[in-house]
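In: Structural data only, the sequence is not supplied:
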């Protein structure tokens, strides 16, 4: 068998090289077009082929404005989940929005790569409920029972910048012009034009 693969390796390497070439020069638009079917994206919005939209909600519950740039993942976890992304706002690669109720993102918001934003706790704090959910979801393949999970809207006002690998938790409001330093965990509201950082995030200084 090892002789077979040694003989086949040169051919496989050439095939891989050709596929890499085609992806670079003629990239597929399949995932970008699929994402657009799951939300209402302005004609001037950019949805990249790395973008993903997973939705249990109607298409109109996801809106993205003019010149927005979607390169990350958006998950509307329940039929009532809603997400609005304003104009000229950027969702970086591998950033993820986890929406049980509502996440609102204003205009000119920059969300760097690998940011996670949750409007929910993901699971119940009750161990018995988590046990039941695990059986229902993983064994019986039933949908998650979100009514037992705490959630609160997240609001990100205009001109906010969220640094890479940061996490924004449920119920947080980021005021206009706020900056979140890289790798921060934000659990409380941030005042407008304020730089915060750390885990948990604390005020570093005021911005002009």
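Out: Here it is on my side, so go on. This structure is a prediction, so every number in the text was calculated from the model and none was measured. Residues are numbered from 1 along each chain as shown.

In: Next, the distance between the ends of stretch 73-88.
Out: Using CA to CA, to the nearest Å, the end-to-end distance of stretch 73-88 comes out at 17 Å.

In: Quick check: buried residues in it?
Out: Under the neighbour-count criterion of 16 or more other CB atoms under 10 Å, stretch 73-88 has 73-78, 81-83, 85-88 buried. C-beta: built from backbone N, CA, C; applies to glycine.

In: pLDDT weak spots in the protein?
Out: 1, 26 (pLDDT under 70).

In: quick one on the thing from earlier: if we take the buried residues of stretch 73-88, which one ends up nearest to residue 120?
Out: residue 77 (7.4 Å; CB to CB).

In: what helix or strand is residue 83 on?
Out: Using DSSP states H and E, residue 83 maps to strand 82-85.

In: List the neighbouring strands of that strand plus their orientation.
Out: strand 62-64 (parallel), strand 102-105 (parallel) (DSSP bridges).

In: Residues touching it, excluding its own?
Out: Strand 82-85 has contacts (CB atoms under 8 Å, 6 or more residues apart in numbering) with 39, 57, 61-65, 68, 70, 74, 76, 91, 97, 99, 101-105, 109.

In: change it to 10 Å
Out: 39-42, 45, 53, 55, 57-58, 60-65, 68-70, 74-76, 91, 97, 99, 101-107, 109, 111, 117, 119, 153-154, 156 (CB atoms under 10 Å, 6 or more residues apart in numbering).

In: Sort out which of those residues are buried, if you could.
Out: 39, 41, 45, 53, 55, 57, 61-65, 68-70, 74-76, 91, 97, 99, 101-107, 109, 111, 117, 119, 153-154, 156.

In: Report the beta-bridge partners for the residue lying closest to residue 36 once chain neighbours are set aside.
Out: Here the nearest residue to residue 36 in space, its sequence neighbours aside, is residue 47; by CB to CB, 6 or more residues apart in numbering that works out to 5.6 Å. Judged by DSSP bridges, the bridge partners of residue 47 are residue 70.

In: quick one on the thing from earlier: which among the buried residues of stretch 73-88 gets closest to residue 165?
Out: Nearest to residue 165 among the buried residues of stretch 73-88, with distances taken as CB to CB, is residue 73, at 15.0 Å.

In: Go ahead and confirm the closest one touches residue 55.
Out: No: here residue 73 lies out of contact with residue 55, judged by CB atoms under 10 Å, at a distance of 11.1 Å.
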